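pasting the structure only:
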């Protein structure tokens, strides 16, 4: 078995007597911290510096001692990547035969949906890969579609400019591959997504400054509906224009309830991580829209270690699949959504993970925007 290392979880250390004894000997006050829970998935190195102090010499002493001990914890095998099926549809299926429903009144800097009616056999969440490449003059945007159930595939697009946008699809399913058309986009006065400006400031894409005055309610969408409504009423009377919240539920101080919905559907006593709970994401989208109606930007944490359900240790391949699904459904909501990975450093599986949205304004994988001479953002 391997030894403990800086990314080992504090929970694994505390659950093994030979390792816990080292904590008790050198820095017993660690055990009194709210972060020191048996199920805590915080990585060892960073969390010890938080509980004690980065300048406390005992942090390095603890790490040196623990790194010499065997980690006897048993970890589930991380699921590997799942490749889309090139044989998902046979040659008897005509290429580009799926019907497309295009937006009738698309406007710049407002989300537009291209909906394709395609196959539903097998598991389209992982069996089908569908991307849409849109072009307006010399500007090209590529977005990935997500499966929305019942043979419905949705490509969400945030048009950065007015004009006629032509498109063509690329897919592993023959019926969805090679579909082409055009989406007329009218001008609008929408401000567009919030972006970083001059390294230390924020502004909407039209240049309007955005000065965030934020608060946190990590688990508010995982609470009973009545409490969610009370939260919105409180925000309506508050001065905040940004709310930090989390994609996953939180198991921590004052947050011990069992949510009704989760990112993944139940599979017996565990989770079917090859599919996504579409009702959960529709509810999340509604709540983000509710915030936007109040003039509040949703600052959504995608990586989250405060849990008892196993979501903090999904592994990099499953994390990437989850990030991709989320981005494809929500990156085009840039006018209402500011996505961050503030918790990533606390969870080993997230280290070094990079994802991108359609125009590079935040860390998502929905697609990319290419400008003449600039390359891909």
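Perfect, thanks for sending it. These numbers come from a predicted model, not from an experiment. Numbering: from 1, shown residues only.

quick one: residue 330 from residue 204, how far?
Per C-beta to C-beta, to the nearest Å, residue 330 is found 18 Å from residue 204. Where you see a C-beta, it was placed from the backbone N, CA and C, and this is true even at glycine.

and these two? Which one has more around it.
residue 330 (26 against 18; other C-beta atoms under 10 Å).

and that one, that's in a helix?
Yes: membership of residue 330 in a helix is supported by DSSP: H, G, I helix; E, B strand; the rest coil.

so what pLDDT did it get?
In this model, residue 330 is scored at 84, pLDDT.

quick check: it vs residue 41, distance?
Residue 330 is 25 Å from residue 41, by C-beta to C-beta.

same check, this time on residue 135
In this structure, residue 135 and residue 41 are separated by 44 Å, where distance is defined by C-beta to C-beta.

same question for residue 87.
Computed with C-beta to C-beta, the distance linking residue 87 and residue 41 is 38 Å.

neighbour count winner among those two?
When neighbours are counted by other C-beta under 10 Å, residue 87 and residue 41 differ, and residue 41 comes out ahead with 23 against 10.

run a quick neighbour tally on the nearest residue to residue 78 once chain neighbours are set aside.
Nearest non-adjacent residue to residue 78, counting by C-beta to C-beta, 6 or more residues apart in numbering: residue 315, 3.1 Å away. Residue 315 is surrounded by 18 other residues when neighbours are defined as other C-beta under 10 Å.

likewise for residue 257?
When counting by other C-beta under 10 Å, one arrives at 14 neighbours for residue 257.

and for residue 236?
A count of nearby residues for residue 236, using other C-beta under 10 Å, gives 12.

identify the residues contacting residue 259.
By C-beta atoms under 8 Å, 6 or more residues apart in numbering, residue 259 lies in contact with 222, 223, 249.

pLDDT score assigned to the second one?
What the model reports for residue 223 is a pLDDT of 95.

so it sits against residue 258, correct?
No: with contacts defined as C-beta atoms under 8 Å, residue 223 does not count as touching residue 258, sitting 10.8 Å away.

when these two are compared, which one has more neighbours?
When neighbours are counted by other C-beta under 10 Å, residue 223 comes out ahead of the other of residue 223 and residue 258, with 18 against 10.

let me know the average pLDDT across stretch 91-107.
Per-region confidence: stretch 91-107 scores 96 on mean pLDDT.

how close does residue 174 sit to residue 143?
Look at residue 174 and residue 143: by C-beta to C-beta, they are 21 Å apart.

neighbour count for these two, which is higher?
Neighbour tally, residue 174 and residue 143, criterion other C-beta under 10 Å: the higher count belongs to residue 143, 27 against 22.

confidence score at that one?
Residue 143 is given a pLDDT of 95.

now name the helix or strand holding it.
Here residue 143 sits within strand 139-144, counting by DSSP states H and E.

partners of that strand in the sheet?
Counting by DSSP bridges, the strands paired with strand 139-144 are strand 130-136 (antiparallel), strand 367-371 (antiparallel).

could you tell me the least trusted of the ones you listed?
Within these, the stretch with the lowest mean pLDDT is strand 367-371, showing a mean of 32.

in the strand or helix carrying residue 245, which residues are buried?
Residue 245 is located in strand 242-246, with elements delineated by DSSP H and E. Residues of strand 242-246 classed as buried: 242, 243, 244, 245, 246 (neighbour count, 16 or more other C-beta atoms under 10 Å).

now, which of these sits nearest residue 66?
Lowest distance from residue 66 to those (C-beta to C-beta) belongs to residue 246, with 29.0 Å.

and that closest one, bridged to which residues?
Beta-bridge pairing of residue 246 under DSSP bridges involves residue 301.

for stretch 10-23, give me every contacting residue.
4, 30-31, 35-44, 47-48, 62, 65-66, 69-73.

swap in 7 Å and give it another go.
Under the criterion C-beta atoms under 7 Å, 6 or more residues apart in numbering, residues 4, 30-31, 35-42, 44, 47, 62, 65-66, 69, 71-73 lie in contact with stretch 10-23.

any stretches of the stretch 251-377 of the chain with poor pLDDT?
Applying pLDDT under 70 to the stretch 251-377 of the chain picks out residues 305, 334-377.

so the residue nearest to residue 78 versus residue 246, what's the distance?
Taken as C-beta to C-beta, the spacing of residue 315 relative to residue 246 amounts to 19 Å.

please apply the same query to residue 211.
Note on residue 211: its distance to residue 246, by C-beta to C-beta, is 23 Å.

in terms of helices and strands, where is residue 250?
Using DSSP H and E, residue 250 maps to neither a helix nor a strand.

nearest residue to it other than its sequence neighbours?
Leaving aside its chain neighbours, residue 250 sits nearest to residue 219 (4.0 Å; criterion: C-beta to C-beta, 6+ apart).

same thing with residue 204?
Using C-beta to C-beta, 6+ apart and skipping residues adjacent in sequence, the residue nearest residue 204 is residue 191, 3.6 Å away.

could you check how many residues crowd around that neighbour?
The burial count for residue 191: 15, using other C-beta under 10 Å.

for it, give me the pLDDT.
The score at residue 191 is 87. That number is its pLDDT.

residue contacts, it?
109, 204, 205, 206, 208, 335.

ok, those residues vs residue 161, which is closest?
Residue 161 lies nearest to residue 109 out of those, by C-beta to C-beta, at 8.7 Å.

tell me which element that closest one is part of?
Counting by DSSP H and E, no helix or strand carries residue 109.
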